[in-house]
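Student: model the structure of this input:
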Amino acid sequence: MFPIAKINQPILTWVQPKWSRDYFELLTGKAVVASLSMTRWFSDEAEARTAGSGWIFDRLGFFHTRGVAYRKGTEIEVASFDYDWTKDCTIYLKDGRIYDWFRTKSFREAYALTSENDSLIYSMELGTHWFKRQARLELGVLPADLPDLDLLLCLGFYLGYCAQQDTAAAVAATTSAS
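Tutor: The predicted structure follows:
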């Protein structure tokens, strides 16, 4: 994998290589920077990998209002996150830094991640093309300026994926009830 610290362009893309698998790759040009895959059916657990790290993400509780990120292969929690009723999220890193992940457009799957001082880390717009999920990211920081950018890029896409799944489940439940 291509190291995130060496990225020299502000636009990145999450792609789903095969529509039949919940496996995604983050690309800079044609180079793979990160990957995210769902680990089990009917679960919110996902594994994310970059050139230097790996994590397990999972949402907890009946309504999935809280989640955690563990360093892969350990039980060491590196981040936690809490949703509000609009599916906006606050991310708490173990070193005390706090980030806000929120929807930026009412009727689109568009999100932004900002730091405590409201500076933009990245914006992301999710969509589908030929039954494959994809997302376009635009960085607001240089990768060298934020040591946990790899974790935040993977976690942000995971949150967007989960928000899409929740919306689909709500639509299915509403449709079947009527």
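Student: going by C-alpha atoms from here, please, whenever you check contacts or count neighbours.
Tutor: Noted.
Student: residue boundaries of the strands in this protein?
Tutor: Remark: strands assigned in the chain by DSSP state E are 11-15, 23-28, 31-38, 46-50, 54-60, 66-71, 77-83, 89-93, 98-103, 110-114, 120-129, 132-139.
Student: include mean pLDDT when you put those into TSV, please.
Tutor: Shown next, in TSV, are the strands of the chain (pLDDT from 0 to 100):
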stretch	mean pLDDT
strand 11-15	96
strand 23-28	96
strand 31-38	96
strand 46-50	96
strand 54-60	93
strand 66-71	93
strand 77-83	92
strand 89-93	95
strand 98-103	95
strand 110-114	95
strand 120-129	91
strand 132-139	92
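Student: and the ones you listed as a markdown table, adding mean neighbour count and distance to residue 4?
Tutor: Shown next, in a markdown table, are the strands of the chain (neighbours: other CA atoms under 10 Å; distance: least, CA to CA, whole Å):
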| stretch | mean neighbour count | distance to residue 4 |
| --- | --- | --- |
| strand 11-15 | 21 | 11 |
| strand 23-28 | 22 | 9 |
| strand 31-38 | 21 | 6 |
| strand 46-50 | 22 | 8 |
| strand 54-60 | 21 | 13 |
| strand 66-71 | 20 | 17 |
| strand 77-83 | 19 | 18 |
| strand 89-93 | 20 | 19 |
| strand 98-103 | 21 | 19 |
| strand 110-114 | 21 | 17 |
| strand 120-129 | 18 | 14 |
| strand 132-139 | 19 | 12 |
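Student: dump those strands to CSV, plus distance to residue 160.
Tutor: Below are the strands of the chain laid out as CSV (distance: least, CA to CA, whole Å):
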stretch, distance to residue 160
strand 11-15, 11
strand 23-28, 12
strand 31-38, 12
strand 46-50, 13
strand 54-60, 13
strand 66-71, 13
strand 77-83, 12
strand 89-93, 10
strand 98-103, 9
strand 110-114, 8
strand 120-129, 7
strand 132-139, 9
